[in-house]
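A.B. asks: sequence? don't have it. structure:
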């Protein structure tokens, strides 16, 4: 799904890059101004548009990765969903302070504190309920203007599974698509047996529903149509598409899945043709949805439909990439995607060759890098904080920690912790080591969650710096090898070289540990 979204976004950006070369004069879509009116660059050239909720849809946790911070994945999903709602506010009027986040109810300050409790392993049922409610609000916001639609909903199962795994509280989950997609079956113009077969195999139609929803969202966002709607399927042989409102007043834009499947079957190797079909139906129904429900196809409707089609025709290549990825259509051998795959394979080969060359680096180059590291000025990723010693790193931590609570502060502290290298710890003074040790223990996760956490690595580095500094130039491996060579040259009485090699092989780890402790000043 991430690849599909990236492909669609890339196509739209390419169009705007080409469009900037054209003369900066055009008649605004559906404008009532006299023909030939001048328009400035701001009015005629828009920024590339994809629904902001697509960013939240691209957040997908790797539940099999034990090192992944699952609470941070949930946090990112909620932040992106909240930003999508804020960005959809007309004229940039959204409040992005904590007050605005509180009012939107998705990534509120209370939810931020709840996620911190989840991250520390202190989540209770009330905390889990608060986070679940925020996720539900994020999913519902996907239907709003700028939302990711079913793409955002499709991320829900893994986000909720991440919450279950992070808290250890497994819950039964309902099908997320039920409340966010429509289904309409005509009793007069559709065969009941065909409808029953569809309901029995609904899962295989989900990619088609995602493709239809994605086309609707991209076209609506590009045309700046500010309508909340749900996608749906209509089983009626007399229509291809339909825009209708439910009894609750919810707008649903339907597509006949049989006609969709026929187009896919006929143009399996021509995704642009499939995108053109979906684009045509989407333009037709979105024009109805934009204040023209039940007015028929009068002249005003036809003009608006043609304007919308003209304003969004450049999306066809991007929509073709989106549909091709979702429906897993075959790729022609001479297509851009095939060339991209060949280039990716070539890049992998070059990367492997580069790794092989790096493995042959000489001792002189390693020493040069070590000297360079000693003179380096480090920067915390995602911030402007710079430091070159542990003392400066501690001061930077204090400045970051003093910031108001937010997701940005949390991520900055995590990046600052990850950025501290072991080499810098090894050169720190005893006073700085003590202060760093106390800080790391205060932010260390609970037992069972410390594996591969940066605090574990840094505490080990502190221990090495404290106890291994007296004999820094002595290598236990080399000392053991020298002793073995002496014993082989003149074995003790009753032993031979084979006996010595067998003893070393069986007890090598214990011998190296004893040598390390001896030269660290500890009792062996």
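C.D. replies: On my side now, so go ahead. These numbers come from a predicted model, not from an experiment. Numbers count the residues shown, from 1 in each chain.

A.B. asks: what sits against residue 132?
C.D. replies: Taking Cβ atoms under 8 Å, 6 or more residues apart in numbering, we find residue 132 in contact with 160, 163. Bear in mind the C-beta positions are built from the backbone N, C-alpha and C, glycine included.

A.B. asks: Name the helix or strand for it, please.
C.D. replies: helix 125-141 (DSSP states H and E).

A.B. asks: Equivalent analysis for residue 291, please.
C.D. replies: Going by DSSP H and E, residue 291 is not in any helix or strand.

A.B. asks: so what pLDDT did it get?
C.D. replies: On pLDDT, residue 291 comes in at 77.

A.B. asks: now swap in residue 49 and tell me
C.D. replies: 53.

A.B. asks: And for residue 17?
C.D. replies: pLDDT, residue 17: 54.

A.B. asks: Residue 107 now?
C.D. replies: For residue 107, pLDDT reads 79.

A.B. asks: now swap in residue 435 and tell me
C.D. replies: The model reports residue 435 with a pLDDT of 92.

A.B. asks: where's it, which helix or strand?
C.D. replies: Here residue 435, judged by DSSP H and E, is contained in helix 430-443.

A.B. asks: got it, and residue 273?
C.D. replies: Applying DSSP H and E, one finds residue 273 within helix 271-289.

A.B. asks: swap in residue 244?
C.D. replies: Applying DSSP H and E, one finds residue 244 within strand 241-245.

A.B. asks: Identify the residues contacting that strand?
C.D. replies: Taking Cβ under 8 Å, 6+ apart as the rule, strand 241-245 contacts 184, 234, 236, 251-256, 281-282, 284-286, 288-289, 293.

A.B. asks: Let's see that with 6 Å instead.
C.D. replies: 234, 251, 252, 253, 254, 255, 281, 285, 288, 289 (Cβ atoms under 6 Å, 6 or more residues apart in numbering).

A.B. asks: Beta-bridge partners for the closest residue in space to the last one that isn't next to it in sequence, please?
C.D. replies: Distances taken as Cβ to Cβ, 6 or more residues apart in numbering put residue 243 closest to residue 289, at 4.8 Å, once the chain neighbours are dropped. Beta-bridge partners recorded for residue 243 (DSSP bridges): residue 253.

A.B. asks: Helix or strand, whichever it is, which one in this structure has the lowest mean pLDDT?
C.D. replies: Least confident helix or strand, the chain: helix 41-44 with a mean of 40, by mean pLDDT, DSSP states H and E.

A.B. asks: List the residues that contact residue 329.
C.D. replies: If a contact means Cβ under 6 Å, 6+ apart, then residue 329 has 268, 271 as its contacts.

A.B. asks: so it sits in a strand?
C.D. replies: No: per DSSP: H, G, I helix; E, B strand; the rest coil, residue 329 lies outside any strand segment and is coil.

A.B. asks: Give me the distance from stretch 414-426 to the chain's centre.
C.D. replies: 25 Å (Cα atoms, centre = their mean, to the nearest Å).

A.B. asks: can you map out the strands along the protein?
C.D. replies: 182-185, 230-235, 241-245, 251-255, 378-379, 386-387 (DSSP state E).

A.B. asks: For residue 136, which of those strands is the nearest?
C.D. replies: Nearest of those to residue 136, taken as Cβ to Cβ: strand 230-235 at 15.6 Å.

A.B. asks: quick one, the closest one and helix 271-289 angle?
C.D. replies: Taking axes from the mean of the first three to the mean of the last three Cα atoms, to 10 degrees, one finds that strand 230-235 is oriented at 100 degrees with respect to helix 271-289.

A.B. asks: just checking, what packs against strand 230-235?
C.D. replies: For strand 230-235, the packing partners by 3 or more Cβ pairs under 6 Å, 6 or more residues apart in numbering; DSSP states H and E come out as strand 182-185, helix 206-222, strand 251-255.

A.B. asks: Can you give the strand pairings for it, parallel or anti for each?
C.D. replies: strand 182-185 (parallel), strand 251-255 (parallel).

A.B. asks: and the helices and strands packed on strand 230-235 as CSV, adding mean neighbour count?
C.D. replies: Formatted as CSV, the helices and strands packed on strand 230-235 follow (neighbours: other Cβ atoms under 10 Å):
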stretch, mean neighbour count
strand 182-185, 17
helix 206-222, 24
strand 251-255, 23
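
A.B. asks: contacting residues around the helix holding residue 273?
C.D. replies: Helix 271-289 is contacted by residues 215-216, 219-220, 225, 227, 240-241, 243, 251, 253, 263-264, 267, 304-305, 308-309, 316, 319-320, 323-324, 329 when judged by Cβ under 6 Å, 6+ apart.

A.B. asks: Could you do stretch 450-465 as well?
C.D. replies: Contacts with stretch 450-465, where a contact means Cβ under 6 Å, 6+ apart, come from 67, 417, 418, 422, 425, 426, 433, 437, 440, 444, 445.

A.B. asks: Just the buried ones from these?
C.D. replies: Taking 16 or more other Cβ atoms under 10 Å as the criterion, what is buried in those is 417, 425, 426, 433, 437, 440, 444.

A.B. asks: In those residues, find the pair that's most separated.
C.D. replies: 426 and 444 (20.1 Å).

A.B. asks: ok so, going back, report the buried residues of the helix holding residue 273.
C.D. replies: 271-272, 274-279, 281-289.

A.B. asks: and stretch 130-141, how far from the chain's centre?
C.D. replies: Per Cα atoms, centre = their mean, the centroid offset for stretch 130-141 relative to its chain is 18 Å.

A.B. asks: And it, what's buried?
C.D. replies: For stretch 130-141, burial by neighbour count (16+ other Cβ under 10 Å) applies to 130, 131, 134, 135, 136, 137, 138, 139, 140, 141.

A.B. asks: re the thing from before, ok, which of the helices and strands packed on strand 230-235 comes nearest residue 495?
C.D. replies: In terms of Cβ to Cβ, the element of those nearest to residue 495 is helix 206-222, at 71.3 Å.

A.B. asks: Tell me what angle that closest one forms with helix 271-289.
C.D. replies: Angle, helix 206-222 to helix 271-289, by the same axes, to 10 degrees: 60 degrees.

A.B. asks: Before I go, just wanted to say thanks for your time.
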